[in-house]
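Colleague: Quick check, what structure comes out for this input:
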Amino acid sequence: MTKNQELEILQNTITTLGRDSYMGPWLKDNLQAIEETMRSDMPFLSFGEVQAWARERREQADRYAEQKIAAAERRAEEIIAEAQKQAGNKREYLRSQLRAILKEL
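Modeller: You can find the predicted model right below:
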């Protein structure tokens, strides 16, 4: 059976089921996606396969987000450490300047 023949059967089935059926409206709403999938030779995925695919993508996105968060936290720690170092250097400079001024008094 050809794809065109299968699509014709699907179209006839949609018409036969009508708007008052459970599957008719759903098939009609998804007909374009079904046709595109058939014409692209991509296999149809079961609901379980779609769920597994979505779970894998979510886990992949979570890992990516965790890596980005960890990198941002490391960078924040570096920035804080540098700011603390600079603040310490400025405090030390001010102390030395105050000591010099007090010596002159």
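
Colleague: Kindly list the longest helix within the protein.
Modeller: Longest helix in the chain, counting residues (DSSP state H): helix 47-104.

Colleague: Run a quick neighbour tally on Ile9.
Modeller: Residues within reach of Ile9, counting by other CB atoms under 10 Å, total 11. All C-beta atoms are positioned from the backbone trio N, CA, C, and that covers glycine.

Colleague: Tell me the helices and strands packed up against whichever helix or strand Leu31 is part of.
Modeller: If you go by DSSP states H and E, Leu31 is part of helix 23-39. Secondary-structure packing of helix 23-39 (3 or more CB pairs under 8 Å, 6 or more residues apart in numbering; DSSP states H and E): helix 3-17.

Colleague: buried set for the helix it packs on?
Modeller: Residues of helix 3-17 classed as buried by neighbour count (16 or more other CB atoms under 10 Å): 10, 14, 17.

Colleague: ditto for stretch 49-59
Modeller: By neighbour count with 16+ other CB under 10 Å, stretch 49-59 contains no buried residues.

Colleague: So for it, mean pLDDT?
Modeller: The pLDDT scores in stretch 49-59 average 90.

Colleague: how distant is it from the center of its chain?
Modeller: Distance, stretch centre to chain centre, for stretch 49-59: 12 Å (CA atoms, centre = their mean, to the nearest Å).

Colleague: what's next to that stretch, contact-wise?
Modeller: Leu45 (CB atoms under 8 Å, 6 or more residues apart in numbering).

Colleague: which residues touch Gln67?
Modeller: For Gln67, no contacting residues are found, by CB under 8 Å, 6+ apart.

Colleague: So the nearest residue to Thr13 once chain neighbours are set aside versus Glu35, what's the distance?
Modeller: Among residues not flanking Thr13 along the chain, Leu27 sits closest, at 6.9 Å (CB to CB, 6 or more residues apart in numbering). To Glu35, Leu27 is 11 Å away according to CB to CB, to the nearest Å.

Colleague: for this protein, what helix or strand is lowest in average pLDDT?
Modeller: helix 23-39 (a mean of 90; mean pLDDT, DSSP states H and E).
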